[in-house]
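Trainee: fold the stuff below for me.
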Amino acid sequence: MKPSKKLAIAACAALLMSGAQAADNHTINISATVADFCRFNAPSSNVNFTLDPSAATTVTQGATILYRCTKGTTPVFGLASASTGSGAAGTLGDAVSGDTIAYTYVSSAPVDGTGLGAFQDKTLSVDVSVNQANAANVTPGTYTDTIAITLNP
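Mentor: Numbers count the residues shown, from 1 in each chain. Below you'll find the model as predicted:
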């Protein structure tokens, strides 16, 4: 035998006798769940009217509410007037006189989210309408109410 073959055989025999074993393996499996999520970009909006109690026309003002949702998430909005606790109508009240003025509101359809990153804003429009004739027999003053909007998920 040539010396290199003898050396190779001796090395293999030494390994077998030393108890060396083949390497073992382990795998770490990684997963992540992205939740469907929506959020408003601001906590509140304002709608302001100047009513003419001698007019019989309806005036409408709108609020633009910006929101973002994870991509493909369909938002569900709930709107309720603080004065009536229900949707689509409410009453503006004057804390001093106790007089009220009825109003209605309507919102636009929700738009699916495209992500929460920059420039992914979607818009919910809420139009509030007051028939000015409803103010014909009320005391001058400041009339207020709030519309609470919930956003799910």
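
Trainee: from now on I want contacts and neighbour counts done on CA atoms only, so please keep to that.
Mentor: OK.

Trainee: check contacts around F37.
Mentor: F37 sits next to 69-70, 73, 152-153 when contact means CA atoms under 8 Å, 6 or more residues apart in numbering.

Trainee: again but with V128, I slipped
Mentor: 47, 60-62, 103-106 are the contacts of V128 under CA under 8 Å, 6+ apart.

Trainee: still on that earlier bit, list buried residues within the contacts of F37.
Mentor: 69-70, 73 (16 or more other CA atoms under 10 Å).

Trainee: and of the contacts of V128, the nearest to L92?
Mentor: Y103 (7.2 Å; CA to CA).

Trainee: where does the closest one fall, secondary structure wise?
Mentor: Element membership of Y103, judged by DSSP states H and E, is strand 100-107.

Trainee: what's downstream of that strand, the next helix or strand?
Mentor: Next element after strand 100-107 (DSSP H and E): strand 122-131.

Trainee: export that next one as PDB, just CAs?
Mentor: Extracted C-alpha coordinates of strand 122-131, given in PDB (Å, rounded to 0.1, in the frame of the first residue of the first chain):
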ATOM      1  CA  LYS A 122     -59.100  56.300   3.400                       C
ATOM      2  CA  THR A 123     -61.900  58.700   3.900                       C
ATOM      3  CA  LEU A 124     -65.300  58.300   5.600                       C
ATOM      4  CA  SER A 125     -67.500  61.300   4.900                       C
ATOM      5  CA  VAL A 126     -70.300  62.200   7.300                       C
ATOM      6  CA  ASP A 127     -72.800  64.800   6.100                       C
ATOM      7  CA  VAL A 128     -75.000  66.500   8.800                       C
ATOM      8  CA  SER A 129     -78.200  68.300   7.700                       C
ATOM      9  CA  VAL A 130     -80.400  70.700   9.500                       C
ATOM     10  CA  ASN A 131     -83.700  72.100   8.200                       C
END
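
Trainee: ok, the closest residue to S81 other than its chain neighbours - contacts?
Mentor: Closest residue to S81 apart from its sequence neighbours, by CA to CA, 6 or more residues apart in numbering: I147 at 4.4 Å. Counting by CA under 8 Å, 6+ apart, I147 makes contact with 79-82.
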